[in-house]
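Engineer: Fold the following, please.
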Amino acid sequence: MKKILLIFSVIQILCSAEKSFINFGSFICPREEKALGRCLRDALNSYIPQLATGVPEYGVPSCEPLFVPSLAIEQTAGPISVTSSYTDVSVRGPSTMRVKDVQVHSAKHEVIATLHIPELRMKGNYNLKGQLLMLPIEGDGKFSAKYDDIDATVIMVLGRKPRPNAADALACKKLDVMFNVKKVSMDLDNLFGGDGDLGNAMNKFLNENWEKLSKELQSPMEEALKDFFKPLADHVLSTLDADDILSP
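Structural biologist: All right, here's what the predicted structure looks like:
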């Protein structure tokens, strides 16, 4: 009888130990929230450089360059009134991203990550029309832009995604982004129907006044950045079981 009780106790200890950890790729992370956050930060930072070629074990395809089929930004209040759309956008730089901190709030079904991206380079097609600080602007053509030293906070609301014949996967129900950028430079081709003098003057104005323009466009750009981070979050979270993170 004592041997049976001893065996039962060992089994309980082993089961309890197993439930105290979460497998995240090659990382074994503690369930305790602060330790889990640190472990997820380290795990993500070990895999992010591989975004250039993809991370098969996470089901993450190559993200360097990251292709964004379309983005739309609309700002109609204040000194900037612009409607713009961007298509066939390629983004280089995601694989240089570093995760500075991850906070896990199981009871709230929430994860908050702070990130730093040294540089993002974008190019593609644009179409825009409106006014910038009382100046009219109109164009349709190619664009390029560079964003330096981006600090971002990504807030993810977690949920469940059913998997056939398996435990529910973790899912990103909602994602919000807040960011600050140190410097922006850009070049828009074919402004004002190809008028070279007006186009050069406007590009100079944009690059000299990027900080004020960036503040005015902060909200719509944060909306657009959701489209950038959401697919990455979906891929990573789908590798985890919902029960491992979410509290009842």
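Engineer: Work out which residue lies at the spatial centre of the protein.
Structural biologist: The residue lying closest to the centre of the chain (CA atoms, centre = their mean) is Phe229, at 2.4 Å.
Engineer: In the chain, which helix is the longest?
Structural biologist: For the chain, the longest helix by residue count, based on DSSP state H, is helix 218-237.
Engineer: mean confidence for that one?
Structural biologist: Average pLDDT, helix 218-237: 75.
Engineer: One more: stretch 139-156?
Structural biologist: 93.
Engineer: If you count neighbours, what's buried in it?
Structural biologist: 139-140, 143, 145-147, 150, 152, 154, 156 (16 or more other CB atoms under 10 Å). Backbone N, C-alpha and C define where each C-beta goes, glycine included.
Engineer: ok, and the closest non-adjacent residue to Val91?
Structural biologist: Nearest non-adjacent residue to Val91, counting by CB to CB, 6 or more residues apart in numbering: Leu66, 4.3 Å away.
Engineer: burial measure for the one you found, as a count.
Structural biologist: 20 (other CB atoms under 10 Å).
Engineer: could you point out which element follows the longest helix of the chain?
Structural biologist: Later in the chain than helix 218-237, the nearest helix or strand by DSSP states H and E is helix 242-245.
Engineer: before we move on, the earlier item: so how far is the longest helix of the chain from its chain's centroid?
Structural biologist: 4 Å (CA atoms, centre = their mean, to the nearest Å).
Engineer: Can you pull out the residues in contact with it?
Structural biologist: Outside helix 218-237, the residues within contact range by CB atoms under 8 Å, 6 or more residues apart in numbering are 44, 51, 58-61, 63, 66, 68, 71-75, 91, 94, 152, 154, 156, 158, 169-172, 175-179, 214.
Engineer: Three-state assignment for the residue nearest to Gln50 when sequence neighbours are not counted, please.
Structural biologist: Nearest residue to Gln50, sequence neighbours excluded (CB to CB, 6+ apart): Ser95, at 7.4 Å. Classification of Ser95 using DSSP: H, G, I helix; E, B strand; the rest coil returns helix.
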